[in-house]
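Engineer: kindly return the folded structure for what I paste below:
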Amino acid sequence: MNILCITPREGWVVDRIGIEFKNHSSHNVNFNDINSEVIWLLSPWVWQSIPTHILKGRKVLCTIHHEVPEKFDQARLNNFKERDEYVDAYHTPCEKTKIFIQQFTNKPIYVIGYWYDKSSWQALDKNYLREKYASDFGAQDFVIGSFQRDSEGANPNNPKLEKGPDLFFDYVSSFNHDAVHVLLAGWRRNYLINRLKEANIRYTYFELVNAHKLNELYSICDLYAVMSRQEGGPQALFEAPACGTPIVSTDVGMARDVLPDECIINFNDIKKAKIPRSISVAEIKDKMKKFEIKNHIKNYDNLFSRL
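Structural biologist: Residues are numbered from 1 along each chain as shown. From the prediction side, this is the model:
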């Protein structure tokens, strides 16, 4: 089967998903053959890059990673309904997204979680990395990581609330400010940086990093914290434990598919949340096994075969 994979081409994680699917799928995956039997819209907004007469003549699968109910206004609903005319089925990585979008469509919705490529991530020597970045971190620092984008719109100080930068600040500020050190990576972290400065919480910021550097940053952390309000995954649920780093998360996306209950933080308890006494990275990795790309990709291949 030939599958035309349409990605945003923005250097976003979705573009990486498209490449990994091409490399591991049993189907013939491409990025430009409009004569393919199936079209996979790997993000909902990319549908407008394909002429509608082509969409009409193909089987179309649309992936919706997550939706933000507060932003789902009439304009977004209209766009959803217009796109829905050309979509044969939807895919989402988590049950929460399915529950939301099923009120707007009668098309089939398949929930299949993200995969992760085990070969791309590894636990590196934390002590060596602390020495490598000695100018940034003290020997006794407790390093909490957050690698994402947390602002939106023209104003880089405007928080992207679904990513929870305000909740992340509440979480880290509950710790001893003399001990905690926040490690940030990703584009447009202005909002959180300003909050950390105001509270005199130490931080180190790397804006844009490659995969190798990101692996190092995960390995430096004593804890990675996901404080989002809405997510499809996120990918950090796999990446941090794969690098040997404990992780906590709000109850979003795939968190309960991967993390034990003690690693899930209630939204109402963030300001008083503490680090679980023991986070078993080995236990998390055990739950991650079924999502390893070599095995999990078959679930996607089977979905396309059903289409």
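
Engineer: can you give me the helices for the stretch 151-300 of the chain?
Structural biologist: 165-173, 190-198, 211-220, 236-242, 255-258, 281-288, 293-306 (DSSP state H, counting those that start in this stretch).

Engineer: nearest to I265, of those helices?
Structural biologist: Proximity to I265, assessed across the helices of the stretch 151-300 of the chain by Cβ to Cβ, is greatest for helix 165-173 (7.6 Å). In short, each C-beta sits where N, CA and C put it, glycine included.

Engineer: what's in contact with the closest one?
Structural biologist: With contacts defined as Cβ atoms under 8 Å, 6 or more residues apart in numbering, helix 165-173 is touched by 144, 146, 150-151, 159, 180, 182, 189, 191-192, 195-196, 199, 201, 225, 227-229, 250, 265, 267, 270-271, 273.

Engineer: show the buried residues in those residues.
Structural biologist: For these, a burial check counting by 16 or more other Cβ atoms under 10 Å picks out 144, 146, 150-151, 159, 180, 182, 189, 191-192, 195-196, 201, 225, 227-229, 250, 265, 270, 273.

Engineer: could you list which of those belong to strands?
Structural biologist: Judged by DSSP state E, strands contain the following of the buried ones among the contacts of helix 165-173: I144, S146, V180, V182, A225, T250, I265.

Engineer: hmm, what's the outermost residue in the protein?
Structural biologist: H53 (32.5 Å; Cα atoms, centre = their mean).

Engineer: show me how this protein divides into domains.
Structural biologist: Domains of the chain are assigned by automatic domain parsing as 2-115+292-306, 118-290.

Engineer: hey, least reliable of those domains by pLDDT?
Structural biologist: Of all the domains of the chain, domain 118-290 carries the lowest average pLDDT, namely a mean of 92.

Engineer: quick one: the strands in the stretch 51-200 of the chain, in order.
Structural biologist: 59-63, 89-92, 109-111, 142-147, 180-185 (DSSP state E, counting those that start in this stretch).

Engineer: name the strands paired with the shortest one and say parallel or antiparallel.
Structural biologist: By that I understand strand 109-111. strand 89-92 (parallel) (DSSP bridges).

Engineer: chain center to the partner strand: distance?
Structural biologist: In terms of Cα atoms, centre = their mean, to the nearest Å, the centre of strand 89-92 is set 17 Å apart from its chain centre.

Engineer: what's in contact with that strand?
Structural biologist: 60-66, 98, 101, 105, 107-112, 232, 303, 307.

Engineer: buried stuff in it?
Structural biologist: So, applying 16+ other Cβ under 10 Å, buried residues of strand 89-92: A89, Y90, H91, T92.

Engineer: from F267, how far out is the residue nearest to L55 when sequence neighbours are not counted?
Structural biologist: Among residues not flanking L55 along the chain, Y86 sits closest, at 4.0 Å (Cβ to Cβ, 6 or more residues apart in numbering). According to Cβ to Cβ, to the nearest Å, Y86 stands 36 Å off from F267.

Engineer: in contact with the closest residue to I220 other than its chain neighbours, which residues?
Structural biologist: Closest residue in space to I220, ignoring its immediate chain neighbours: L129 at 4.9 Å, by Cβ to Cβ, 6+ apart. Contact analysis of L129 by Cβ under 8 Å, 6+ apart lists E216, S219, I220.

Engineer: tally of neighbours for the last one?
Structural biologist: Here the count is done by other Cβ atoms under 10 Å, and I220 has 24 residues near it.

Engineer: N299 reaches I112, doesn't it?
Structural biologist: Yes: counting by Cβ atoms under 8 Å, N299 touches I112, with 5.1 Å between them.

Engineer: burial count for the residue nearest to L55?
Structural biologist: Neighbours of Y86 using other Cβ under 10 Å come to 18.

Engineer: isn't it up against P44?
Structural biologist: No: here Y86 does not reach P44: they are 11.6 Å apart, not a contact under Cβ under 8 Å.

Engineer: quick one: residues contacting E231.
Structural biologist: E231 sits next to H66, C94, E162, V252, G253, M254, A255 when contact means Cβ under 8 Å, 6+ apart.
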